[in-house]
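Undergrad: Could you work out the structure for the sequence below:
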Amino acid sequence: YDLAPHLVDQAIALFGPPSAVRGDLRVQRPGAKVDDYCEVDLRWDSNPGLKVVLKASMLVRTLGPHLVVHGTDGSLVKSGLDPQEDALK
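TA: Okay, here's the model as predicted:
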């Protein structure tokens, strides 16, 4: 719950404030009273080749990687939760 703001916080911490933001919010579950899906695209004028896509949904059968980064020298795929999350409980 309230996952999307944390995704945006992480992107801003890594890359700084974006120059452009596009968002898509939806209600996917019948009868839901709040948005349960979001997708946010972030772009930076200072780095035209950088695009960050953030997604969160209540309707995901199988968890995918939590972080995927592609660059000219390779890719990073991070699965699993942040080990610091246990310290916050």
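
Undergrad: from memory residue 44 sits against residue 12, does it?
TA: No. If you go by C-beta atoms under 8 Å, residue 44 and residue 12 don't touch, sitting 10.7 Å apart. (Glycine included, C-beta is placed from N, CA and C.)

Undergrad: Those two: who's more crowded?
TA: residue 44 (16 against 13; other C-beta atoms under 10 Å).

Undergrad: residues contacting that one?
TA: 15-16, 18-19, 50 (C-beta atoms under 8 Å, 6 or more residues apart in numbering).

Undergrad: quick one: which of those residues has the most company?
TA: residue 18 (20 neighbours).

Undergrad: Tell me how far it lies from residue 62.
TA: 29 Å (C-beta to C-beta, to the nearest Å).

Undergrad: try residue 10
TA: For residue 10, the distance to residue 62 - C-beta to C-beta - is 22 Å.

Undergrad: same deal with residue 37?
TA: Distance from residue 37 to residue 62, by C-beta to C-beta: 16 Å.

Undergrad: repeat for residue 27
TA: 22 Å.

Undergrad: ok, now residue 5?
TA: Applying C-beta to C-beta, the value for residue 5 to residue 62 is 24 Å.

Undergrad: Of the two, which one has the most company?
TA: Shown here are residue 5 and residue 62; by other C-beta under 10 Å, residue 5 has more neighbours (10 against 4).

Undergrad: State the helix or strand in which the more buried one lies.
TA: Following DSSP states H and E, the helix or strand that holds residue 5 is helix 3-15.

Undergrad: what is the mean pLDDT for that helix?
TA: For helix 3-15, mean pLDDT rounds to 84.
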